[in-house]
Every structure is written in C-alpha cells, then in structure tokens.
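>>> Pasting the sequence and the predicted model now:
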Amino acid sequence: MLNRSHKRNKRVDLLGISRGAKDYLVGECKFKKAPFSYSEYLDTLAKLTPLKQKAKFYYALFSENGFDNKIVTAAEESA
C-alpha cells in the first residue's frame, strides 16, 4: 500500500505498509535548492513514532540537491 499519509499533522511523502503492518517504509522527498538538512532528517525519523512500538521502520530519503554531511555520515555508519 503506497499513499500520501497525513497522521496527526505529520506529513509523509511516501508510506509503504506491509501486510499485517509489521514493516513500514517511510519516504521523504525534498525538491529545493538546499541539501536535505540534518534537522529535516531528524523530523522524518520522528514521524509516526507511536507506531514504532509495533513495527519495524525503514527510511528512503530523496533530495534534488543532495544531503547534509551529517546525514551522509549517519548513512555510512549504519551500513
């Protein structure tokens, strides 16, 4: 299931939910002149927090103009 979700005023650009709602894919898209900032990344991680007790979350970030160095470093460390 993919859709644009509005839950408690927390906009999610892309939301994929597995059958049984055990896995979620949260996608965030930024189309602006500046790179995707670290604070925007943290905001994305905070979205849908109440559901995180019951499911595993995966994130996909899309940016027209790249990513803040902190985001790149966090991705490298988690790989």
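Good, I have the coordinates.

>>> ok, which stretches of the chain are helices?
38-46, 69-78 (DSSP state H).

>>> what would the ones you listed look like in CSV with mean neighbour count, distance to Tyr58 and mean pLDDT?
The way it works is simple: take the backbone N, C-alpha and C, and place the C-beta from them, glycine included. Shown next, in CSV, are the helices of the chain (neighbours: other CB atoms under 10 Å; distance: least, CB to CB, whole Å; pLDDT from 0 to 100):
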stretch, mean neighbour count, distance to Tyr58, mean pLDDT
helix 38-46, 15, 11, 92
helix 69-78, 12, 11, 93
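
>>> Any idea which of these gets closest to Lys30?
Minimum separation from Lys30 across the helices of the chain (CB to CB) falls at helix 38-46, 6.7 Å.

>>> I would like the residues contacting the closest one, please.
Around helix 38-46, the neighbours that count as contacts under CB atoms under 8 Å, 6 or more residues apart in numbering are Lys10, Val26, Glu28, Lys30, Tyr59, Leu61, Phe67, Asp68, Lys70, Ile71, Ala74.

>>> what sits against the last one?
I take that to be Ala74. When contacts are counted by CB under 8 Å, 6+ apart, Ala74 touches Tyr41.

>>> distance of it from Tyr59?
From Ala74 across to Tyr59, the span is 11 Å (CB to CB, to the nearest Å).

>>> So what's the residue count around Lys30?
19 (other CB atoms under 10 Å).

>>> Then Val26?
Using other CB under 10 Å, Val26 is surrounded by 21 other residues.

>>> How about it: which residues does it bridge to?
Taking DSSP bridges as the rule, Val26 bridges to Leu15, Tyr59.

>>> contacting residues for the residue nearest to Asn65 when sequence neighbours are not counted?
Setting aside the residues directly before and after it, Asn65 is nearest to Pro35 in space (CB to CB, 6 or more residues apart in numbering), at 5.4 Å. By CB under 8 Å, 6+ apart, the contact list for Pro35 reads Ser63, Asn65, Gly66, Phe67, Asp68.
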